[in-house]
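Q: quick one, fold the following:
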Amino acid sequence: MRVTTDLWVAALVRRVFSSGGFAAIVKRGATEAGATFVLSRGRLGEVSLFGPAPQTSYDSAKPDERFFSPVGEDEDTEALEKRLEREQRFDPDIWVVEIEIGSVPLEELISIRG
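A: Here you go, the predicted model:
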């Protein structure tokens with residue numbers, strides 16, 4: 001059984017804070033199954049956006065995992081915010097979580113594919 005999005009996001013926020021980073025829910029979406037976007041800010045100003053990975057990334061043996069793929073990397077903040085606005089117009093139920101990584105690498109906080 002897949003965990004609800006609000007529970008998954010709460011766990012992500014807790015993991016980020018426990019690793020010495022910072023996290024904030026920028027947009028709260030559908031409780032049960034809203035798509036999640038993660039905006040990652042590095043300590044040196046780099047910004048990356050990760051969105052839901054395509055269905056082809058999922059393994060039929062583990063359909064409950066959440067995978068993310070890069071949507072925008074090394075772009076300016078304004079371009080990424082416009083991208084999120086477009087995504088929100090397409091699907092108003094999305095979640096947006098902004099994180100600043102602490103001592104744990106991003107790859108250990110979210111599963112990145114592609």
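Q: pretty sure Pro31 sits in a strand.
A: Small correction: residue 31 is Thr, not Pro. No: Thr31 is assigned coil when assessed by DSSP: H, G, I helix; E, B strand; the rest coil, not a strand.
Q: so it sits against Trp8, correct?
A: No: with contact defined as CB atoms under 8 Å, Thr31 and Trp8 do not form a contacting pair (10.8 Å). All C-beta spots, glycine's among them, are computed from the backbone N, C-alpha and C.
Q: of those two, which one has the most company?
A: Shown here are Thr31 and Trp8; by other CB atoms under 10 Å, Trp8 has more neighbours (16 against 13).
Q: now that one: closest residue in space, sequence neighbours ignored.
A: Nearest residue to Trp8, sequence neighbours excluded (CB to CB, 6 or more residues apart in numbering): Arg66, at 6.4 Å.
Q: what about the one you found, neighbour count?
A: With other CB under 10 Å as criterion, Arg66 counts 16.
Q: surely Leu39 forms part of a helix?
A: No: applying three-state DSSP, one finds Leu39 to be strand, outside a helix.
Q: Three-state assignment for the nearest residue in space to it that is not next to it in sequence, please.
A: Using CB to CB, 6+ apart and skipping residues adjacent in sequence, the residue nearest Leu39 is Glu98, 4.5 Å away. For Glu98, the assignment made with three-state DSSP gives strand.
Q: tell me the pLDDT of Glu98.
A: At Glu98, the model reports a pLDDT of 94.
Q: what about it, distance to Thr36?
A: 12 Å (CB to CB, to the nearest Å).
Q: from the chain's centroid, how far away is stretch 25-43?
A: 5 Å (CA atoms, centre = their mean, to the nearest Å).
Q: and it, what's buried?
A: With burial defined by 16 or more other CB atoms under 10 Å, the residues of stretch 25-43 counted as buried are Lys27, Gly29, Gly34, Ala35, Thr36, Phe37, Val38, Leu39, Ser40, Arg41.
Q: what about it, start to end distance?
A: When the termini of stretch 25-43 are compared using CA to CA, to the nearest Å, they are 19 Å apart.
Q: now that stretch: average pLDDT?
A: 87.
Q: other residues contacting that stretch?
A: 4-6, 8-9, 12-13, 47-52, 66, 68, 71, 80, 84, 87-88, 91-101, 106, 110 (CB atoms under 8 Å, 6 or more residues apart in numbering).
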